[in-house]
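>>> just the structure for this:
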Amino acid sequence: MLKKLSLIFIRFAPFLLALNILFKILLRYYTISTVIISCVDMVVLIGLIVLSLTFKFCIYHRILLYCVLVCYLLHFVNNILGINFFVTVLTYFFVMIVITLMIIIIYTYLKEKQK
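Numbers count the residues shown, from 1 in each chain. Here you go, the predicted model:
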């Protein structure tokens with residue numbers, strides 16, 4: 001199942017990346033909802049997660065992808081619901097995510113090193 005999903009993603013990845021670049025270029029000149037761009041970015045990210053699971057990338061690579069997925073989901077929810085966070089609160093939140101990610105990476109590294 002994962003191999004079929006990864007083949008589908010590999011087939012459509014150039015199209016999604018080109019669409020993403022087109023939307024970002026058009027965003028400079030026209031008013032386009034950033035929700036569309038976030039959707040395309042999340043599809044690409046989910047495809048990368050499927051590829052990392054299919055080809056059994058290391059746990060550190062997947063942890064980074066999961067962190068990026070959480071950040072995209074928060075950004076997506078913020079865009080849809082229109083919750084206006086202060087910039088400092090959002091920055092502190094992302095800093096806390098990065099610190100948590102570093103702790104998880106160090107913990108898994110030390111756990112695997114003991115084996």
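
>>> where do the helices of this protein begin and end?
2-29, 34-54, 59-81, 87-114 (DSSP state H).

>>> would you mind giving those helices as a markdown table with mean pLDDT added?
As requested, the helices of the chain are exported to a markdown table (pLDDT from 0 to 100):
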| stretch | mean pLDDT |
| --- | --- |
| helix 2-29 | 82 |
| helix 34-54 | 84 |
| helix 59-81 | 79 |
| helix 87-114 | 80 |
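
>>> and those helices as TSV, adding mean neighbour count?
For every residue, glycine as well, the C-beta is placed using N, CA and C. Putting those into TSV (neighbours: other CB atoms under 10 Å) gives the following:
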stretch	mean neighbour count
helix 2-29	13
helix 34-54	17
helix 59-81	15
helix 87-114	11
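
>>> residues in contact with residue 89?
Applying CB atoms under 8 Å, 6 or more residues apart in numbering to residue 89 gives no contacts.

>>> and it, how far is that from residue 71?
Distance, residue 89 to residue 71, by CB to CB, to the nearest Å: 14 Å.

>>> thanks a lot, catch you later.
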